[in-house]
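**Q** got a predicted model here, sequence first, then my questions.
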Number of protein chains: 2
Amino acid sequence: MLPIDPQPSPETLADRETRLDANDHTALKLWLRMMTCRDMIGGMLQRRLRCEFDTTSPRFELMAQLARHPEGLKMSQLSQRLMVTGGNITALADFLEAEGLLVREPVPDDRRAIRLRLTEAGQQRFGTIALEHERWVVSLFDGLSRTEQQNLHALLGKLKDAITRQASGGAH
Amino acid sequence: MLPIDPQPSPETLADRETRLDANDHTALKLWLRMMTCRDMIGGMLQRRLRCEFDTTSPRFELMAQLARHPEGLKMSQLSQRLMVTGGNITALADFLEAEGLLVREPVPDDRRAIRLRLTEAGQQRFGTIALEHERWVVSLFDGLSRTEQQNLHALLGKLKDAITRQASGGAH
């Protein structure tokens, strides 16, 4: 381990928070820090998924949604859950289908819809990667105690509820 | 405002947390919730930047970094601060240069490097957008009290320090 400077100067810290100045609002500081944490953790997980399983985070997250629904999910449901466009889902599905990890199926009672479903090979592949992925996530968060993790989870939950209210109410 | 269900069921909640099951680890729940908050807030800011200023979050964040450094920043510095590749910076810079908002300049004492600098028009444009953008961020976070925002900021700070240690020490 390298020695750590507990208060790295804004000039040496390589992340989005480098754009802050002393007058910026608490909420803006919080938003930049949230982006930084998400990007750092996401980047580390992405590199490990690439190196150890030759896959990507979007492919893994798509498989994770399907693994919870052995009967399959419609494109529109996946698009909403992953918060990405249908075109992106199509590109991910093409790749996973070519690898034999998922299939596309017609949806009974909805002739215009297509459902994606993991194959048995896909379920197994997801299980293998998910086990390791969860270990990485646990390790990345182990700088926080269990109580701190729960507090962070609760605060983000409150934030998420407030954002969801704003998004559905259109109040802001 | 629509009436809010304080505990939306996992089946109706449209986000990444839909992939959780009851046995998943606290750290994984936390990570999925962090991604969800970041994506929700990022999506709302991106839509507003697009609608009200015909710009994008990556362009805005690049301008934000340059606004803090009127003398300009090297491509390598920007790549590190924004945590994106040099190729992405080049594409963003092409666009902003065509709009007259930034210029590329040679770097004294480093003949292979290029520095990006905001023009006066770029500084003014950034100032206009940043004022409004900060208002949106404040509004998006106002479901949390000031104390809650400070607690969240501190917890994310502790997490970020731990991640930075892992990344530089390679201990995990």
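**A** Structure received.

**Q** next one: the residue nearest to the spatial centre of chain A from chain B, what distance?
**A** Nearest to the mean C-alpha position of chain A, by Cα atoms, centre = their mean, lies residue A:61 at 6.5 Å. Residue A:61 is 7 Å from chain B, where distance means Cβ to the nearest Cβ, to the nearest Å. C-betas here are computed from N, CA, C, even on glycine.

**Q** over to residue A:19?
**A** Distance from residue A:19 to chain B, by Cβ to the nearest Cβ: 4 Å.

**Q** I figured that residue was touching residue B:63, is that so?
**A** No: at 9.3 Å, residue A:19 does not count as touching residue B:63 under the criterion of Cβ atoms under 8 Å.

**Q** go through the top helix by length along chain A and flag the buried ones.
**A** Longest helix in chain A, counting residues (DSSP state H): helix A:26-53. Using 16 or more other Cβ atoms under 10 Å in any protein chain shown as the test for burial, helix A:26-53 gives A:26-42, A:44-46, A:48-49.

**Q** contacting chain B as well, which ones from those residues?
**A** A:26-31, A:33-42, A:44 (Cβ under 8 Å from any Cβ of the partner chain).

**Q** can you give me the helices for chain A?
**A** Taking DSSP H as the criterion, chain A carries its helices at A:26-53, A:57-67, A:75-82, A:86-98, A:120-140, A:146-169.

**Q** most packed of the ones you listed?
**A** Ranked by mean neighbour count under mean count of other Cβ atoms under 10 Å in any protein chain shown, these are led by helix A:57-67, which reaches a mean of 21.

**Q** what angle do that one and helix A:86-98 make?
**A** Angle of helix A:57-67 versus helix A:86-98, following axes from the mean of the first three to the mean of the last three Cα atoms, to 10 degrees, is 80 degrees.

**Q** and the longest strand along chain A with helix A:57-67, angle?
**A** Identified as the longest strand of chain A according to DSSP state E is strand A:110-118. Counting by the same axes, to 10 degrees, strand A:110-118 lies at 110 degrees to helix A:57-67.

**Q** need the contact partners of strand A:110-118.
**A** A:62-63, A:66-67, A:70-76, A:78, A:89, A:93, A:101-107, A:126 (Cβ atoms under 8 Å, 6 or more residues apart in numbering or on different chains).

**Q** lowest-pLDDT helix or strand in chain A?
**A** Lowest on mean pLDDT, DSSP states H and E among the helices and strands of chain A sits helix A:75-82, with a mean of 88.

**Q** near chain B, anything from that helix?
**A** Yes: using Cβ under 8 Å from any Cβ, helix A:75-82 reaches chain B at A:80-82.

**Q** return the set of residues that bridge with residue A:103.
**A** Judged by DSSP bridges, the bridge partners of residue A:103 are residue A:117.

**Q** could you measure from it over to chain B?
**A** 19 Å.
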